[in-house]
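1. Sharing a model prediction with you, sequence too.
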There are 2 protein chains.
Amino acid sequence: MTPFTYHNPTRIEFGPGTENRIGECLNKDAVERVLLVYGTGSIKKNGLYERVLQSLQNAHIEYVELSGVVSNPVLSKVYEGIELSRAFDAQAILAVGGGSVIDTAKAVAAGVPGAGGDVWEFFTGARELDSALPVYTIVTLAAAASEMNGNSVITNEKTSQKYSIGSKLLNPRLSIVNPELMMSVSKEYLVYSASDIIAHAIETYFTAADHPRFQSRLVESIVKSVIELTDCLIEHPEDYHARAEFAWVSSQALNGLTTSGTGGGNFPNHMIEHALSALFNIPHGAGLSIVVPAWMSWYKEKNLPQFERFAKKVFGKTSAEEGITMLKRWYGSIGTPITLAQAHIPKERIPEIAKNAYELGIVWGMGEEYSVQDIEAILEKA
Amino acid sequence: MTPFTYHNPTRIEFGPGTENRIGECLNKDAVERVLLVYGTGSIKKNGLYERVLQSLQNAHIEYVELSGVVSNPVLSKVYEGIELSRAFDAQAILAVGGGSVIDTAKAVAAGVPGAGGDVWEFFTGARELDSALPVYTIVTLAAAASEMNGNSVITNEKTSQKYSIGSKLLNPRLSIVNPELMMSVSKEYLVYSASDIIAHAIETYFTAADHPRFQSRLVESIVKSVIELTDCLIEHPEDYHARAEFAWVSSQALNGLTTSGTGGGNFPNHMIEHALSALFNIPHGAGLSIVVPAWMSWYKEKNLPQFERFAKKVFGKTSAEEGITMLKRWYGSIGTPITLAQAHIPKERIPEIAKNAYELGIVWGMGEEYSVQDIEAILEKA
């Protein structure tokens, strides 16, 4: 095991009706004014918006709203939130939504205290984050694990860059997870979420410097559970227990636990996918199910024992290649794309995608040296 | 999954030499005066004591010492620590040792602020904890997971009661885990630790109200890892990686993760064992390897599917009974006792042990109704 720091201060309140406690929880933390961040209105249709406002009002908490956050959330919305928060003197940011909403809330939380500079500088690495407003979340989609980590991924629309920050300061202070709120997630978003969670778990599993047995077992447990639960939820979308397990497992896949003692590992698939979704605005999970099997075939010789282990433990197969085939076949069976063609991305655009991903890799550190040609070779397999 | 709160604010600094950072870490948290708690002097023999003092001195942190904490730590030592802390106006408690030292530090941390009452009232349930000094730990034995939870188990020598408290306020703020410090743990204490860790993981696995698949897989991963790592460490006590994995897995077994969403479960084996070690002062892990297989045989019909699952997933066996036999046989193979006779506890004392355990069960809530006769029946099997 390599040396590491593990620290996940986020408190999770998990179960039916927990969203009604948000006002009370903010009260206990002496928060009186929040910026309320949400998406394009689905929370108004299902009554969640009303319940959250009711809870805030009961607790005498004032709020202003930042609405209209979209998938692959954008920097202009973050700027808008920072301005609103400053004008209102918000003491905390409350996100009600999925990963995009939470990531936007975190970026706003990071930007509010630093009056002197541009929040995008934290994303490019030009400045280091040293303070942030506390973030609270009510989660409506289980995928990003943003509710239990300090990461935020934002797209700068002007430059087509999809960049990320990670800081303990951005770990939500409290995340409320009510699986009932996820009952109405469509099959489409369920399978994209499954693809995202699996990628979170296996990217570092394959690229880590060390493979402690418990950490490997943890990842295999996550992947097996996600596969079973997705299959179950496609058949029975209203199965509360399956929604609940799916939500919990998704948080575990990217909250710092799986990578403890592994030397970290890298996220090359995420970087290639971020280029894909920055350029073509396809859902993140759909992009990942295209990239991941292609990358696995390309990368497997670099860590054959771990790929063989994956095949055996997750699918009961003996060869690395069979493990990859099984995963790809499963992606196909649940209806998430496994080729660029299926996502209507022309082969001719591969050099452009590779260049964008390569630049992203330089900023984030892609681990090994992935050249533009390497990324093209991976994409050719898709 | 049943509703739950998950919150583990403890930060872990893991790796070689991390103990040398304790002064700097306390400094960052603006702590200037600590009570330094340790055991019967092994930290002086191996140089750890000197290194810790050096780090405190470098950071200009003042300290007073509470030494002489023994296994099955006692209330009188806690009183001594509370008096010392108050006289010195300690701002935090620093534990350097194993579970007994950390548990003592937590009890002192709980007792210092409450000037009006007796700290033992928190253990009997007569008073509820509402404030505590922060606890820092440098761990030298991997077993109790006390470094990553808010539990403290203390024996009142006057009444022969071994009682416990649990509170988020007692979660260490920081725990330093350097596996090199555990290289010299004897084979005897290694196997007792293995027994303790396995009991932490499986007690709730079998008694929980619900069994989410990921939580079950987590427990099975812990048990399989502990078995493999113990076998490895008996052969190679100085294997750093095995010591490291053993330490990390032990923290995971009782830090709130395995029980999230399971409805909690109970610790009947721990309660019976606490009576054993309160009356006979045998090592906790040795007591557990006696009680656990006996309890499993007695309890298995109450949750047969989970016992069958355990047999299959951990040992590749089909019947519940085979799983129990395999575990018992493994305990025997590593040299931890599996019968009362092996621990020189006469059969005639069973009613007395059962009565003590029964009273403990009333205070802690043993879950189901365990009668004195039930506990006697379990012990008869040992």
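-> Sure thing, it's come through.
2. Near chain B, which residues of the stretch 151-300 of chain A are found?
-> A:179, A:210, A:212-214, A:217-218, A:221-222, A:224-225, A:228-229, A:241, A:244-245, A:248-249, A:252, A:257, A:260-261 (Cβ under 8 Å from any Cβ of the partner chain). Just so you know, the C-beta spots here come from the backbone N, C-alpha and C atoms, and that holds for glycine as well.
3. Let's see that with 10 Å instead.
-> A:168, A:174-175, A:177-179, A:210, A:212-218, A:220-222, A:224-226, A:228-229, A:240-249, A:251-252, A:257, A:260-261 (Cβ under 10 Å from any Cβ of the partner chain).
4. Can you flag the buried ones in those?
-> Neighbour counting by 16 or more other Cβ atoms under 10 Å in any protein chain shown classes A:168, A:174-175, A:177-179, A:212-218, A:220-222, A:224-226, A:228-229, A:241-249, A:251-252, A:257, A:260-261 among these as buried.
5. In strands only, show me these.
-> Residues of these located in strands (DSSP state E): A:174, A:175, A:177.
6. residues in contact with residue A:74?
-> A:80, A:100, A:104, A:154, A:155, A:156, A:157, A:158, A:162 (Cβ atoms under 10 Å, 6 or more residues apart in numbering or on different chains).
7. cool, residue A:114 as well?
-> Per Cβ under 10 Å, 6+ apart, neighbours of residue A:114: A:82, A:121, A:122, A:127, A:129, A:130, A:131, A:132.
8. Which single residue of the stretch 251-382 of chain A approaches chain B most closely?
-> residue A:261 (6.0 Å; Cβ to the nearest Cβ).
9. give the contact list for that residue.
-> With Cβ under 10 Å, 6+ apart, residue A:261 has these contacts: A:1-4, A:6, A:208-212, A:214-215, B:14-15, B:241, B:244-245, B:247-248.
10. again, 7 Å this time
-> A:1, A:2, A:4, A:210, A:212, A:215, B:14, B:244, B:248 (Cβ atoms under 7 Å, 6 or more residues apart in numbering or on different chains).
11. Just name the closest of those to residue B:72, please.
-> Closest approach to residue B:72 among these (Cβ to Cβ): residue B:248, at 25.3 Å.
12. any idea how far that closest one lies from chain A?
-> 6 Å (Cβ to the nearest Cβ, to the nearest Å).
13. Now that residue. Nearest residue, chain neighbours left out?
-> The shortest distance from residue B:248 to any non-neighbouring residue, by Cβ to Cβ, 6 or more residues apart in numbering or on different chains, is to residue A:261 (6.0 Å).
14. got it, and residue A:327?
-> residue A:293 (6.2 Å).
15. same deal with residue A:141?
-> Using Cβ to Cβ, 6+ apart, the nearest residue to residue A:141 is residue A:98, at 3.2 Å.
16. Quick check: the gap between that neighbour and residue B:342.
-> For residue A:98, the distance to residue B:342 equals 56 Å [Cβ to Cβ, to the nearest Å].
17. Equivalent analysis for residue A:333, please.
-> For residue A:333, the distance to residue B:342 - Cβ to Cβ - is 54 Å.
18. circling back to that earlier point, weed out the non-buried ones from the contacts of residue A:74.
-> Of the contacts of residue A:74, these count as buried by 16+ other Cβ under 10 Å: A:80, A:100, A:104, A:154, A:155, A:156, A:162.
19. ok, the second one touching residue A:77?
-> No: using Cβ atoms under 7 Å, residue A:100 is not in contact with residue A:77; the gap is 9.4 Å.
20. what is in contact with those two at once?
-> residue A:69.
21. so residue A:322 touches residue A:311, yeah?
-> Yes: applying Cβ under 7 Å, one finds residue A:322 in contact with residue A:311, separated by 5.2 Å.
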